[in-house]
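give me a 3D structure for the following:
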Amino acid sequence: MRERRRGGAVGAMADGNADWMGSLPPALRSLPLSNLAIPGKTAVTAGGLLSVCSLSIDHRMINRIGDASLPSLEGSHDSFSYWVDEKSPVGPDQATAIKRLARISLVRKIMKKWSVTQNLTFKEQLEGGIRYFDLRVSSKPGEIGKETYFIHGLFGIKVWDGLKEMNSFLEQHPKEVIFLDFNHFYAMDDSHHHFLINRIRSAFESKLCCVECVEYVTLLYMWEKKHQVLIFYHHPLYQEYPFLWPGNKMPAPWANTTNVHKLLQFLETTLGERSRYGTFHVSQAILTPRVKTIARHLIRGLKNTLVHRNLPMILNWVKAQKPGVMGVNIITSDFVELVDFAATVIALNDLLLEEDESAT
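Purely as a prediction, here's the structure:
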């Protein structure tokens, strides 16, 4: 039996994954990308911050927390500021109650703790093997122009800066393919959308893959066309641009639970319901904090409350999967740098080789 590929050191994103698609064996290059195992990254645990608006975070709670707690709220990695800027306005994805509370500095720090889901830049994630990105964008209230930003409760970097960073990676790695899933838009009218879409076109130009039958899209197809980017755009305007794939081609069922056992059961169920043909598929291996979770662990944040404890069990589920027509395709998780997540997902593709060898 063929030996499974081994990932890099646990707790790090292995640089050796920067060219993993280009390094796949010839037998896998002609398979639809929808049949390969591809590591991805969720942008934010959606329910976390939205749930905070239900909390009674008043001055009495803030007094209980006390000034002594403030240092622990800063985060341990400078790249937190890459994703969220606690000095910026609260995003329009938040309820009015949150916007009022966020005038308090401590509340913004808590929001950062519960909104950041990883510590790496786009470049670092791409070098580590991540190829799918769940993206949520917004205009910035009161700002002149049509610029858009990544949003995670608080505003992150400009979309344009992120796109340029991705394109720079693709220029250096011409056989790698990325999936950008623009699935939530806030405070954007049609003019903002057209501006953003033109930014996407300017950033990637001929690298963009126009809509095609999903089963035709293989690595060989992408390499022959010199395409490297598939854009999924969850807005009716996708119909006006041939390089925008409709959002329904990238279903991503969401478990919306804090219970890891319920999450894994949900992942199994939705895989069983996956369409055999015509779409890609995202398995969101993420836990979503509830109101009471945030209230009980206000200062600790998402990583220390849910991720550290449950990520090993999630990784074990990933290791037991198999890609293919009714198997896993894209798998996403939070804080993917804490374990050898990308390498584990990539290694699943070796099972397709074993299947091919047994068939011959």
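
rest of the way, CA atoms for contacts and neighbours
Fine.

any stretches of the stretch 51-200 of the chain with poor pLDDT?
Along the stretch 51-200 of the chain, segments meeting pLDDT under 70 span 51-119, 152-154.

one more time with 50, if that's ok
The model of the stretch 51-200 of the chain has pLDDT under 50 over residues 51-82, 91, 93-104, 106-108, 111-117.

same check on the stretch 251-360 of the chain?
Along the stretch 251-360 of the chain, segments meeting pLDDT under 50 span 290-307.

can you give me the strands for the stretch 101-250 of the chain?
Taking DSSP state E, counting those that start in this stretch, the strands of the stretch 101-250 of the chain run over residues 132-139, 148-152, 154-158, 178-186, 229-233, 244-246.

can you put those strands in TSV and add mean neighbour count and distance to residue 259?
Shown next, in TSV, are the strands of the stretch 101-250 of the chain (neighbours: other C-alpha atoms under 10 Å; distance: least, C-alpha to C-alpha, whole Å):
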stretch	mean neighbour count	distance to residue 259
strand 132-139	23	22
strand 148-152	26	23
strand 154-158	22	26
strand 178-186	18	25
strand 229-233	23	29
strand 244-246	21	31
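
to residue 331, which of these lies closest?
Residue 331 sits nearest to strand 132-139 of all the strands of the stretch 101-250 of the chain, at 8.6 Å, using C-alpha to C-alpha.

who are the packing partners of the closest one?
Judged by 3 or more C-alpha pairs under 8 Å, 6 or more residues apart in numbering; DSSP states H and E, strand 132-139 is in contact with strand 38-41, strand 148-152, strand 178-186.

burial count for residue 30?
When neighbours are counted by other C-alpha atoms under 10 Å, residue 30 registers 14.

would JSON lines of the strands of the stretch 101-250 of the chain with distance to residue 279 be doable?
Listed next are the strands of the stretch 101-250 of the chain as JSON lines, based on distance: least, C-alpha to C-alpha, whole Å:
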{"stretch": "strand 132-139", "distance to residue 279": "15"}
{"stretch": "strand 148-152", "distance to residue 279": "25"}
{"stretch": "strand 154-158", "distance to residue 279": "29"}
{"stretch": "strand 178-186", "distance to residue 279": "13"}
{"stretch": "strand 229-233", "distance to residue 279": "11"}
{"stretch": "strand 244-246", "distance to residue 279": "10"}
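
how much space separates the closest residue to residue 262 other than its chain neighbours from residue 285?
Spatial nearest neighbour of residue 262, excluding adjacent residues (C-alpha to C-alpha, 6 or more residues apart in numbering): residue 255 at 7.9 Å. Distance of residue 255 to residue 285, computed by C-alpha to C-alpha, to the nearest Å: 8 Å.
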